[in-house]
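Novice: coordinates only, sequence not included:
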């Protein structure tokens, strides 16, 4: 059995759970861990979405009043980078953060201006997305378990 540990936090949680000896402590620890992770999974993106919706509207209004297109584009890119960082800290993928940022930006009153300003960077951002996802592929796993990979790909 192969375990894929993506962060130091996951390693600590798994190590702590495996190091417990008594059955009652293990059950309490697992229950506590499940509650904590469930709250993080449900509450994190939800709070980020709700908080971002109200906060972004006000921040964009301030930036638009400044009449600086550079600040406007920087705010859009900062929104994507910030939500990606927050979701990564919550043990989710940064791609989920970028998706949430896109949804938040699409819900603002400035979505047409955002689309027009970001259009210049579309090719660069798409290339960056595909390069980062392409480099995160575990090629050793592909070669080692190629029958499983092919069967799952066919499925």
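Specialist: Alright, I've got the coordinates. From a predicted model like this one, the values you see are computed outputs, not experimental measurements. Residues are numbered from 1 along each chain as shown.
Novice: C-alpha only now, for contacts and for neighbours.
Specialist: Will do.
Novice: Just the buried positions in stretch 56-69, please.
Specialist: For stretch 56-69, burial by neighbour count (16 or more other C-alpha atoms under 10 Å) applies to 56, 57, 60, 63.
Novice: Looking at these, which is nearest residue 148?
Specialist: Using C-alpha to C-alpha, residue 56 is the member of the buried residues of stretch 56-69 that lies nearest residue 148, at 44.1 Å.
Novice: contacting residues around that closest one?
Specialist: 104, 105, 108 (C-alpha atoms under 8 Å, 6 or more residues apart in numbering).
Novice: Could you dump these into a markdown table and include neighbour count, pLDDT and secondary structure?
Specialist: Below are the contacts of residue 56 laid out as a markdown table (neighbours: other C-alpha atoms under 10 Å; pLDDT from 0 to 100; DSSP: H, G, I helix; E, B strand; the rest coil):
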| residue | neighbour count | pLDDT | secondary structure |
| --- | --- | --- | --- |
| 104 | 23 | 87 | helix |
| 105 | 23 | 88 | helix |
| 108 | 17 | 84 | coil |
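Novice: how about the helices in the protein?
Specialist: Ranges of helices within the chain are 8-19, 23-66, 69-89, 94-106, 111-118, 122-135, 139-144, 146-154, based on DSSP state H.
Novice: tell me the angle the fifth one makes with helix 69-89.
Specialist: Just to be clear, that refers to helix 111-118. For helix 111-118 against helix 69-89, the angle by axes from the mean of the first three to the mean of the last three C-alpha atoms, to 10 degrees is 100 degrees.
Novice: Can you work out which other helices and strands pack against helix 111-118?
Specialist: Identification of packing neighbours for helix 111-118 by 3 or more C-alpha pairs under 8 Å, 6 or more residues apart in numbering; DSSP states H and E yields helix 69-89.
Novice: before we move on, the earlier item: and which of the buried residues of stretch 56-69 is nearest to residue 129?
Specialist: Lowest distance from residue 129 to those (C-alpha to C-alpha) belongs to residue 56, with 23.6 Å.
Novice: mind checking how far the closest one is from residue 81?
Specialist: Separation of residue 56 from residue 81 (C-alpha to C-alpha, to the nearest Å) stands at 14 Å.
Novice: Ok, residue 137 next?
Specialist: 22 Å.
Novice: Settle it for me: which of these two has more neighbours?
Specialist: residue 81 (15 against 10; other C-alpha atoms under 10 Å).
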